[in-house]
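> my questions are about this predicted structure, shown below with the sequence.
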Amino acid sequence: MIHMLSGFNLKDDESLETFRADYAAFVKDLEAAGVIAGASPLARRVADTPMDTVEDNPRQYFSVLSFRDRAQLDASYAHIEARAAPGTSSHLTMYRRLRDTVFTCWEDMG
């Protein structure tokens, strides 16, 4: 499996509840297109613990998308990049609410 961690903040005038609905619609679109294997719920950072040691990461929210393999990962990117409906519209609606985005991909070593 390959996973993509998304770290981000919401723009100052955006509602978390509105974003949650947008994220759910985006995940549903990707699942319907068959370009993800799964998605985590949205998560909020817990920075006030010694277990959180990252000092230079101002992001407060996170999510993880999972892909069966590299082919599915690439298909997911191509799906969004090609402006394929409805996945792209839900991606743009969601993405426009964010700032400070960073994405990290990794593969399970099994």
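Alright, I've got the coordinates.
> kindly confirm my reading that Asn9 is in a helix.
No: counting by DSSP: H, G, I helix; E, B strand; the rest coil, Asn9 is located in no helix; its state is strand.
> got a pLDDT number for it?
For Asn9, the pLDDT comes out at 97.
> equivalent analysis for the one 5 residues further on, please.
In the predicted model, Glu14 carries a pLDDT score of 96.
> thought it was touching Arg97?
Yes: the pair Glu14 / Arg97 is scored as a contact, 4.4 Å apart, by CB atoms under 8 Å. For glycine as for every other residue, the C-beta is placed from the backbone atoms N, C-alpha and C.
> more neighbours: which of these two?
Arg97 (18 against 15; other CB atoms under 10 Å).
> quick one: pLDDT of the more buried one?
What the model reports as pLDDT for Arg97 is 95.
> gap between it and Leu30?
Going from Arg97 to Leu30 by CB to CB, to the nearest Å gives 17 Å.
> skipping adjacent residues, who's closest to Ala75 in space?
Leaving aside its chain neighbours, Ala75 sits nearest to Val35 (4.9 Å; criterion: CB to CB, 6 or more residues apart in numbering).
> specify the local secondary structure of the one you found.
Applying three-state DSSP: Val35 is coil.
> for it, give me its contacts.
Listed by CB atoms under 8 Å, 6 or more residues apart in numbering, the contact set of Val35 reads Phe67, Gln72, Ala75, Ser76, His79, Gly87.
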